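need coordinates for the following:
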Amino acid sequence: MSNKKRNWYPETVMHITARGNHRNDIFRDPEDFQVYSAFMVEAMEHLQEKFIILSYCLMDNHVHILVKTGDMHIGNLISRIHSIYTRFFNNKYNYLGHLFQDRYHIELVEDDAQLLSTSRYIHLNPVKAKMVENPQDYEWSSYSIYIGLKEEKIIESERILSYFKRENARESYRCFVESAMKKNEIEKGE
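Have a look, this model is predicted:
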């Protein structure tokens with residue numbers, strides 16, 4: 001029995017989440033995070049850059065990916081990343097069964113305010129989970145790229161940074177994200 005194809009809209013932004021089966025960890029050591037990141041790059045290249053990853057955060061038992069779609073169904077990107085990564089994980093850990101719980105979840109991003117708040121939410125996920133005190137300290141997200149501490153490879157930050165004054169867009173984005181920590185908006189998911 002095949003799964004019903006998910007709704008999809010071309011030229012939209014989508015917040016993709018996928019969780020480990022039974023909320024189990026899908027990343028057990030730094031190599032796992034690195035491999036998943038490499039598979040994101042490989043999938044983007046293989047699919048001839050039909051998608052743009054705007055931001056991401058890889059947590060121990062789930063992932064968040066903010067993606068701008070083109071004219072190809074989002075399932076092509078996510079299933080490529082997850083099927084290759086699942087094979088890697090199953091081989092490495094001699095794991096049997098489903099690595100991911102259900103299929104990925106999609107939230108359509110409908111306006112600019114939601115785009116900015118979703119990117120902020122993704123980048124604050126490790127802080128909310130009490131894994132780090134500052135989002136820049138979490139290695140497996142695109143936040144350090146946004147604020148200029150790491151080179152841009154996987155993502156395209158320009159779309160989100162364009163909402164801030166060009167001369168200090170990276171610092172303005174940092175203030176936008178980190179101000180939510182002070183307001184306790186992390187808990188509210190705003």
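
contact partners for residue 17?
Residue 17 is in contact with 62-65, 104-105, 107, counting by Cβ atoms under 8 Å, 6 or more residues apart in numbering. Bear in mind the C-beta positions are built from the backbone N, C-alpha and C, glycine included.

what's the neighbour count on residue 125?
Residue 125: 22 surrounding residues under other Cβ atoms under 10 Å.

doesn't residue 70 lie inside a strand?
No: counting by DSSP: H, G, I helix; E, B strand; the rest coil, residue 70 is not part of a strand but coil.

state the distance from the nearest residue to it once chain neighbours are set aside to residue 161.
Nearest residue to residue 70, sequence neighbours excluded (Cβ to Cβ, 6 or more residues apart in numbering): residue 50, at 4.2 Å. In this structure, residue 50 and residue 161 are 22 Å apart, going by Cβ to Cβ, to the nearest Å.

quick one on the thing from earlier: state whether the residue nearest to residue 70 is indeed within a strand.
No: per three-state DSSP, residue 50 lies outside any strand segment and is coil.

dump the residue contacts of residue 161.
So residue 161 contacts 146, 169-170, 173 (Cβ under 8 Å, 6+ apart).

quick one: which of the residues you listed is nearest residue 120?
Nearest to residue 120 among the contacts of residue 161, counting by Cβ to Cβ, is residue 173 at 8.7 Å.

residues touching the closest one, list them.
Counting by Cβ under 8 Å, 6+ apart, residue 173 makes contact with 146-147, 160-161, 164.

for residue 9, same thing?
Per Cβ under 8 Å, 6+ apart, neighbours of residue 9: 69, 108.

next one: residue 12
Residues near residue 12 by Cβ under 8 Å, 6+ apart: 68-69, 108-109.

put the buried members of the residues you listed into a PyMOL selection.
Applying 16 or more other Cβ atoms under 10 Å to these leaves a buried subset, and the PyMOL line that selects it is:
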select buried, resi 68+69+109
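
quick one, strands of this protein?
13-19, 52-58, 62-68, 105-109 (DSSP state E).

I'd like these as a markdown table, with mean pLDDT appended.
A markdown table is the format used below for the strands of the chain (pLDDT from 0 to 100):
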| stretch | mean pLDDT |
| --- | --- |
| strand 13-19 | 98 |
| strand 52-58 | 97 |
| strand 62-68 | 98 |
| strand 105-109 | 95 |
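
got a markdown table for those strands, with distance to residue 96 too?
Shown next, in a markdown table, are those (distance: least, Cβ to Cβ, whole Å):
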| stretch | distance to residue 96 |
| --- | --- |
| strand 13-19 | 19 |
| strand 52-58 | 23 |
| strand 62-68 | 21 |
| strand 105-109 | 24 |
